[in-house]
Each structure stands twice: as C-alpha cells, then as structure tokens.
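Q: Give the three-dimensional model of this entry:
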Amino acid sequence: MKAKSIKGKSPEEIQSALKKAMADGFRPTLAIVFLSIAQNRKDICNILDNAGIAIFGATTSGEFIDEETEKGSVAMLLLDINKDYFQIYLDEYPEKNYRETSSGIARKAMAKYTNPAFLISGSHMETDAEQLLFGFEDVVGKEVNVYGGMASDDYTFTDQFVFTNGKESKQGIIALALDENSILIKGIATCGWKAVGTEKIVTKSEANHVFTVDDIPVLDLTAKYGGLENVTPDNPGLLLEMAANLPLQLQRAKGDPVMRPGLVIDWDDRSFYCSGSVPQGSKVRFSVPPDFDVMEKVIKGVEELKATEMPEADAVVVFSCAGRILAFGPMMNMEIEGIKNIWNVPMAGMFSNAELARATGGNLEMHNLTTCCVALKEK
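A: Got it, this is the predicted structure:
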C-alpha cells in the first residue's frame, strides 16, 4: 500500500496538491479527510469524487499531516488500498440509538469480511461514544480493533459533521471497515494526565449524563475544586477550561483510568454530559493540569507499539484531543513530531472531541485528553 499526505487552505489548494500527488502515477482509492467546519466540504468532496476516491471524513478543531498543526484547513491521507479491502458506511442516530446503529454497521462489515477492523468518527456533542464501541463488540467480539475520534468544530461547540461521498451527518457515525486479513492495523491510546485528590463517588448519573458526585451537583464540585469563577451560561470560556484542565478521571477495575470531562452543561440542575458513560456508583478523581512529561509518555507509548507489534507501517492516522492543544499550545508540535519520526511514513491527524480505542491493559473505551495513534500496513 502506497500513501501520501497533502494539505491546503482551500479547495483550489487541495485540487493542486492532489494533482501533484498523482503526477507520478499514484492512484489513491481512499482519502481520510480531516477539515475545519469553515472549509467547503461539498467542494472538497467533489474534487475527490471526480478522481474516483472514496472519502472517510470528519470536521475538526485543528488538523495536521506533519508536526506543524493547522487551523481552518484541510489535511488528507491518500491511500491506494485495493477496493476489495475496505468499505465505508455512514449511518445516523437521531433517536440516540447509538449501540444499535454501530451494530448494524458491524453486521454489514461481517457479511463482507471474516475479520473486520474499523476506523470510526461520530458527530453531535451528546453522543455516548462508548455505546458506539459496544455495538461493534456485540457483533464482532470483545477483541475487535476499533480506533477513531469524535468530530469537532473549531471549538464552537455547535455542530460537528462526519461525511463521505454524497452524504454527511451532524448526528451520525462514519466507519471505515478494513479487511484485517489483508490490512494490518494496530493502535494505542495514551493520555498521561495525572490524577489528584481522593476518590469520589458518582451518586447520580444516567449513561453519559452526570448529575451529582458525593451528592453535590457535578458542576458545583468541579468549580469548587478548580477555583472557577463566573460559572454561568454567559462565560464563553467555561467549557474549554473545564475540558482542558478539570476533567474527571473514571477509575476502572481493569486497565488505566479514562478521562470524562464535561462537554455540555444542563444549567437547570448544574449537571453535565460527558462523551462517554459514567456509571452511577463508579469512582472518579479530578486531574491536575498537564506537564510536558505527558507528551513524553505518549511518544514512548507509540515507540513501544512499534517495537512490540508494528515494526513497519505504510501510513499513520492520529486522533488527538482538542484539549491537548489548548493545554500545550505550540509545544504540541513536539508530540506530533515525535510520533511522525517513529515510522516516518505519510500521516494525517485531527484534534477531536473524544478519542476511541482500547485502554492500555483494558477494554474499548471513549477517551478524552488522549492521543490515539493508529498504524496501517498492507500484508
């Protein structure tokens, strides 16, 4: 499998970059497309359609093909995979039937491949992404390989989109099903955020909607712990500060803790929605703002993936939390460069609203403030 990555600030720049990439006879069949909501998705898709290229697309809060992160742009990984080795599905869940929707996709993939793996992205802030993962497990089994990230929207917290040829959705899932008998896929999700304080009990929650922790409205407890001021609907920076600096860490019986920041606030009862479930009765801790050793941990984790499971790769896809670039700013380039240099192959990545992968030593999870690195290689 040959791969190339391109980027641009407009459809015209993408058209030119695609033409240049194909000038040597390279004929991609698949494009993994990460772009800003400010970009004209229809025009970008038309360019790829006209070239006969299948599209797996999601909107972002930043995108990259190397260590230089971009905003308001388009980043694209072009792959010349045999068309028999992949399928793209896009389905919607307006009734919030997340698990049933992803189960339906998994059944379609199982009808074509005996051993499918998946890259996925979902849209809408209230989506319980963990239920999407459970749907794949229900059909394929607990060991299924699923990696991805939730679509984002340049930090506007409005609408996010997933898209493919001729179709898009702001409340749906896109899945790239890969024949794992022909395409090797390996990934790792690493966070590095450190927990602080004593364990607290989630005293009231429903799925990904957390009402109280230690019988205190979760928003009030978070504000008290973090010393937040102006905790009102009029504070436009509140959600960003909570997500980047004050996420809950959900303790797991098996594997590393997973991050559960508040993403949507219900001001009536001062509860909030996370993008993954927080079971009633579970234990959580707060987090300390990150230090630079968080980035070093991510790079070392990817180095270990190469050493133990994926010595060679044809291409790399990265889903990194939008909160990480808020926390690290320009220094985030160090992490991306470190990942790029491990295999030194074409890469594309996005800053996402949540990351989807197996937790270290654990199960498939919805993560936040995490970097999910996925390596692909044709067998």
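Q: got the contact list for the lengthiest strand in the chain?
A: Longest strand in the chain by number of residues (criterion: DSSP state E): strand 195-206. Contacts to strand 195-206, defined as CB atoms under 8 Å, 6 or more residues apart in numbering, come from residues 210-215, 221, 225, 249, 251, 257, 278-288. In short, each C-beta sits where N, CA and C put it, glycine included.
Q: Repeat that for stretch 20-36.
A: 2, 4, 6, 41, 44, 48, 51-60, 63, 71-83, 86, 119, 154, 163, 176, 317, 348-350.
Q: buried residues in it?
A: Buried residues in stretch 20-36, defined by neighbour count with 16 or more other CB atoms under 10 Å: 21, 28, 29, 30, 31, 32, 33, 34, 35, 36.
Q: hmm, back to that, going by neighbour count, which of the contacts of stretch 20-36 are buried?
A: By neighbour count, with 16+ other CB under 10 Å, the contacts of stretch 20-36 hold 4, 6, 41, 44, 48, 51, 53-60, 63, 73-81, 86, 119, 154, 163, 176, 317, 348-350 as buried.
Q: Just those residues: which are in strands?
A: If you go by DSSP E, those have 4, 6, 54-59, 63, 74-79, 86, 119, 163, 176, 317, 348-350 in strands.
Q: how does the protein divide up, domain by domain?
A: Here the domain parsing of the chain from automatic domain parsing is 3-190+293-378, 195-287.
Q: Just give me how far the longest one sits from the chain centre.
A: Spelled out, that is domain 3-190+293-378. 7 Å (CA atoms, centre = their mean, to the nearest Å).
Q: first vs last residue of that domain, how far apart are they?
A: 11 Å (CA to CA, to the nearest Å).
Q: Same check on stretch 64-78?
A: Termini of stretch 64-78 sit 14 Å apart (CA to CA).
Q: can you map out the helices along the chain?
A: 11-21, 41-50, 98-112, 129-140, 218-226, 238-245, 293-308, 322-328, 332-343 (DSSP state H).
Q: Looking at those helices, which is nearest to residue 189?
A: Using CB to CB as the measure, helix 293-308 is the one of the helices of the chain that comes nearest residue 189, at 8.5 Å.
Q: same for that closest one, what does it pack against?
A: strand 183-190, helix 332-343, strand 371-378 (3 or more CB pairs under 8 Å, 6 or more residues apart in numbering; DSSP states H and E).
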